[in-house]
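Novice: Show me how the following folds:
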Amino acid sequence: MKDRFIITTTGTIENCPIKRYIDTICSNIVIGTNVFSDFVASFTDFFGGRSGSYKRKLQIIYNEASEELKQKAINLGANAIVGFKIDFDEISSKDKSMFMVSVSGTACVIEKNDEDIKAVDCHSQISSIDLQKEIQRRYIVSQIKKSSLICEEWVEFLLENPQIEIVEDLIKRYISLDVNYNANEIKEATNIKRIISVIPANHIIPFVYKYFEHKKIRDLIEEFHLFDSNSIYEIIKSKLHTGIHLLSATKEYYDANDLQGMKKILEYLDNLPNTGNIETVKGGLFSKCNEKKFICENGHKNSIDFLFCEKCGINIKGLNEEELNIIEEFKEKCNIIEDYID
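Specialist: This next block holds a predicted model:
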């Protein structure tokens, strides 16, 4: 119930206050001239039996445009669209005409009231179309949970009807695929990524970080902008180097909670203990002077002037130059977000 997406022509939703406006979005669907030629040819019959066929065509176009708009909103992290508007226009050029349906609205995040949503979702009947759709949904979900090969028909259905319950199944399936040599598995991986791309980030994040030790999943985190400060903080505490590389990941929008989590990460990194040390070693055979040496965690001795070990490339805290650059970029990002939000 809580995941129900709401679209309304009004500027507000009763008992569901708007927490954040995200962006104004629009979608356009264009169809060819045959609709108009058919319409003119059968004008005398339009108000009779043929009118039903045109109604169905317009409904299909309307549904497609609305679904595309909804998907854009979901990809932005919205759970509702307010100010929904639809326009039908004819586009003419020389002897050709096209028909365009335009839909628009404001993507936003609303605070949902469980009781109100339950009241909206209560039905006393179900249409045959909805029944068939639910049958198809359950079949597809059950097959994916059985690790069946994902066919194109399923992909199209899942792009229009994202299913949160199969996210972990898709992630595990993606991990098992060989995307280097097997053409069928490359296609399967592509389909999985397409399906995942339309699912809200907050439903994907728990699972990608659960399987973060797989490089393919870490790549997904970066590709789909799934940065999550709390998850990365926990990884850094147990897998420092992997966690640092995840700091390069981004997200679509940052808020005060993200900033707080990012500061927590930086505080932890600033207080990393030394894994190497500075020692005074005795001079060599022809030198009576003792000298200080930087000794890395692997026991390699370096000149005190060296920031990084000559042999293994790490500093006194066990970090290499690339990792330090990632941390510096992360600090800069954190500073900018703090300036912008404050």
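Novice: In this structure, what residue spans correspond to helices?
Specialist: 34-41, 51-75, 114-121, 128-145, 152-160, 167-176, 183-197, 201-210, 215-223, 229-238, 240-246, 256-270, 321-341 (DSSP state H).
Novice: Least confident of those helices, on average?
Specialist: The minimum mean pLDDT among the helices of the chain belongs to helix 34-41 (a mean of 48).
Novice: will you turn the helices of the chain into TSV that also has mean neighbour count?
Specialist: Any C-beta I mention is one placed from the backbone N, CA and C, and that applies to glycine too. Written out in TSV, the entries for the helices of the chain read as follows (neighbours: other C-beta atoms under 10 Å):
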stretch	mean neighbour count
helix 34-41	12
helix 51-75	16
helix 114-121	11
helix 128-145	13
helix 152-160	15
helix 167-176	18
helix 183-197	16
helix 201-210	18
helix 215-223	16
helix 229-238	17
helix 240-246	18
helix 256-270	15
helix 321-341	14
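Novice: In JSON lines, list the ones you listed along with distance to residue 24.
Specialist: Output for the helices of the chain, formatted as JSON lines (distance: least, C-beta to C-beta, whole Å):
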{"stretch": "helix 34-41", "distance to residue 24": "29"}
{"stretch": "helix 51-75", "distance to residue 24": "11"}
{"stretch": "helix 114-121", "distance to residue 24": "25"}
{"stretch": "helix 128-145", "distance to residue 24": "30"}
{"stretch": "helix 152-160", "distance to residue 24": "23"}
{"stretch": "helix 167-176", "distance to residue 24": "29"}
{"stretch": "helix 183-197", "distance to residue 24": "22"}
{"stretch": "helix 201-210", "distance to residue 24": "21"}
{"stretch": "helix 215-223", "distance to residue 24": "26"}
{"stretch": "helix 229-238", "distance to residue 24": "28"}
{"stretch": "helix 240-246", "distance to residue 24": "32"}
{"stretch": "helix 256-270", "distance to residue 24": "23"}
{"stretch": "helix 321-341", "distance to residue 24": "21"}
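Novice: Figure out which of those is closest to residue 292.
Specialist: helix 321-341 (22.0 Å; C-beta to C-beta).
Novice: orientation of that closest one relative to helix 256-270 in degrees?
Specialist: Computed by axes from the mean of the first three to the mean of the last three C-alpha atoms, to 10 degrees, the angle separating helix 321-341 from helix 256-270 equals 150 degrees.
Novice: ok, back up a step: so which of the helices of the chain comes closest to residue 102?
Specialist: helix 51-75 (7.3 Å).
Novice: Okay, domains of the protein per the record?
Specialist: 6-121, 139-266+325-341, 273-318 (automatic domain parsing).
Novice: wait, which of the helices of the chain is closest to residue 17?
Specialist: So among the helices of the chain, helix 114-121 is nearest, using C-beta to C-beta, at 11.6 Å.
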